[in-house]
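**Student:** Need the 3D shape of this:
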Amino acid sequence: MLIYFGIGTNLGNREANLRRAIEMLHERVGEQLACSSVHRSAPMGFESENEFANIVAVYDTAYSPEEVLLITQQIEREMGRTQKSVNGVYHDRIIDIDLLQAILNSKSIIQNSSTLTLPHPRMQERDFVMIPLREVEAILN
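**Tutor:** Model (predicted):
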């Protein structure tokens, strides 16, 4: 199964944060197949003077989307993220790893549970996701 991740950070050494997150995903999720360049953006949904650095990365994994979600949440905690966004209230963060979509046998997995919605319900609204997503799609095709 292919899992597409949106990864962002706006605290500390952003490039190092992104590198560490993709290394940890490689160690725990599977083989990285593609990674976009870094896309910079202003915070969306909250005020901050800290610009975001965002990438999209694609991994091949044997894990289910729910298992991958648990892995990403553990990585976020290990990297120092102590607070999740709740009810659309966003804040600065050392790392944010979102599952954007999962593909199995060339078909998108549709999931809507209390813990995970795939494809990500707001990714189409976010240039900081869609621009790097198009970049990785070009790499994969």
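
**Student:** The residue positioned nearest the centre of the chain pairs with what?
**Tutor:** Closest residue to the average C-alpha location of the chain: Gly6 at 2.4 Å, with C-alpha atoms, centre = their mean. Going by DSSP bridges, Gly6 is paired in beta bridges with Val56, Asp98.

**Student:** what sits up against the helix or strand hosting Val129?
**Tutor:** Assignment of secondary structure by DSSP states H and E places Val129 within helix 127-140. Applying C-beta atoms under 8 Å, 6 or more residues apart in numbering, the contact partners of helix 127-140 are 4, 6, 8, 33-37, 39, 41, 44, 52, 54-58, 100, 120, 123-124. For the C-beta atoms, the positions are set from N, CA and C on the backbone; glycine is no exception.

**Student:** Separate out the buried members of those residues.
**Tutor:** Among the contacts of helix 127-140, those buried by neighbour count (16 or more other C-beta atoms under 10 Å) are 4, 6, 8, 34-36, 39, 41, 52, 54-58, 100, 120, 123.

**Student:** Could you pick out which of those are located in strands?
**Tutor:** Cross-referencing the buried ones among the contacts of helix 127-140 against strands under DSSP state E gives 4, 6, 8, 34-35, 39, 41, 52, 54-58, 100.

**Student:** mind putting those residues in CSV, pLDDT and distance to Thr72 included?
**Tutor:** Formatted as CSV, the entries for these read as follows, by pLDDT from 0 to 100; distance: C-beta to C-beta, whole Å:
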residue, pLDDT, distance to Thr72
Tyr4, 98, 12
Gly6, 97, 11
Gly8, 96, 12
Ala34, 97, 18
Cys35, 98, 16
His39, 96, 19
Ser41, 92, 20
Phe52, 95, 17
Asn54, 97, 15
Ile55, 98, 14
Val56, 98, 14
Ala57, 98, 11
Val58, 98, 14
Leu100, 97, 11
